[in-house]
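# need a 3D model of the sequence below.
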Amino acid sequence: SGFGYQSVGFGATTDGVYMPGPAGTGGIALTSAWGIRGAFNHNWDPYWSTSLFGSYSAVRYDGGANDNLLGAGTTSAKGAYCAAFNASHPGQALAGNATGAYTCNPDFNVSQLGVVTRWTPVKNLTFSGEVQWFHLDQKMSGSSVFTASSPKPAALYEFKDQNTVLLQLRAQRNF
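The predicted structure follows:
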């Protein structure tokens, strides 16, 4: 829809980010995450049931994306992540400089919503159909050139939120 070959979204889940070397603290900066999940199941009769389910999660990296670019050394999880990303994808905008190709922010949210219907015609045999929507609300902005990775070519990709829909049909027999 914009200026890139296609779009890409980032959502890396880590417990912490290690900051080695003279520019880093040598420690581990922890990330934080929280989430909520829920489901409701309705048994229509002894043979049919339907479940509605969903979740929302958020992952946050502490600090500023540019702490590593301003000469202060890497002191935060966000700074260490963005320094590593900038090493392979030059063009990160500096604080107060909007001319960079992208703004680094590894924070993200994930949402899921789905419904599954099951039919159990006889004991221990279930047929089910499921539809699920998955949404990645990523916080990177701008665009960057990525090297080729099968089957995608090396090209300029725009950072954007991503959506996926899943349809799954299943037959399950328990013994």
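# only C-alpha atoms for contact and neighbour calcs from this point on.
OK.
# tabulate the CA atom coordinates of stretch 33-52 in CSV.
The C-alpha coordinates for stretch 33-52 follow below in CSV (Å, rounded to 0.1, in the frame of the first residue of the first chain):
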residue,chain,number,x,y,z
ALA,A,33,5.1,-9.0,29.4
TRP,A,34,1.5,-9.6,30.4
GLY,A,35,-1.5,-11.2,28.9
ILE,A,36,-5.1,-12.2,29.3
ARG,A,37,-6.9,-15.2,27.9
GLY,A,38,-10.5,-16.4,28.0
ALA,A,39,-12.8,-19.0,26.5
PHE,A,40,-16.5,-19.9,26.6
ASN,A,41,-17.8,-23.4,25.6
HIS,A,42,-21.4,-24.3,24.9
ASN,A,43,-22.6,-27.9,24.6
TRP,A,44,-25.6,-27.8,22.1
ASP,A,45,-26.4,-31.4,22.8
PRO,A,46,-24.4,-34.6,23.6
TYR,A,47,-22.9,-34.6,20.1
TRP,A,48,-22.2,-30.9,19.3
SER,A,49,-20.3,-28.1,21.1
THR,A,50,-18.9,-24.7,20.2
SER,A,51,-16.1,-22.7,21.9
LEU,A,52,-15.3,-19.0,21.5
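# what's near enough to touch Val115?
Shown in contact with Val115 (C-alpha atoms under 8 Å, 6 or more residues apart in numbering): Thr50, Ser51, Leu52, Phe53, Glu130, Val131, Gln132.
# now do it against Trp34, distance only.
23 Å (C-alpha to C-alpha, to the nearest Å).
# before we move on, the earlier item: ok, the contacts of Val115 vs Tyr5, which is closest?
Proximity of these to Tyr5 (C-alpha to C-alpha) peaks at Gln132, which lies at 27.1 Å.
# enumerate every residue touching Ser55.
Gly35, Ile36, Arg37, Gly38, Val110, Ser111, Gln112, Leu113.
# ok, and the closest non-adjacent residue to Thr147?
Among residues not flanking Thr147 along the chain, Ala154 sits closest, at 4.4 Å (C-alpha to C-alpha, 6 or more residues apart in numbering).
# from the chain's centroid, how far away is the helix or strand of the chain with the lowest mean pLDDT?
Lowest by mean pLDDT, DSSP states H and E among the helices and strands of the chain is strand 16-18, with a mean of 80. Distance of strand 16-18 from its chain centroid, counting by C-alpha atoms, centre = their mean, to the nearest Å, is 17 Å.
# would you list the strands that it pairs with, along with their directions?
Paired neighbours of strand 16-18 in the sheet (DSSP bridges): strand 28-43 (antiparallel).
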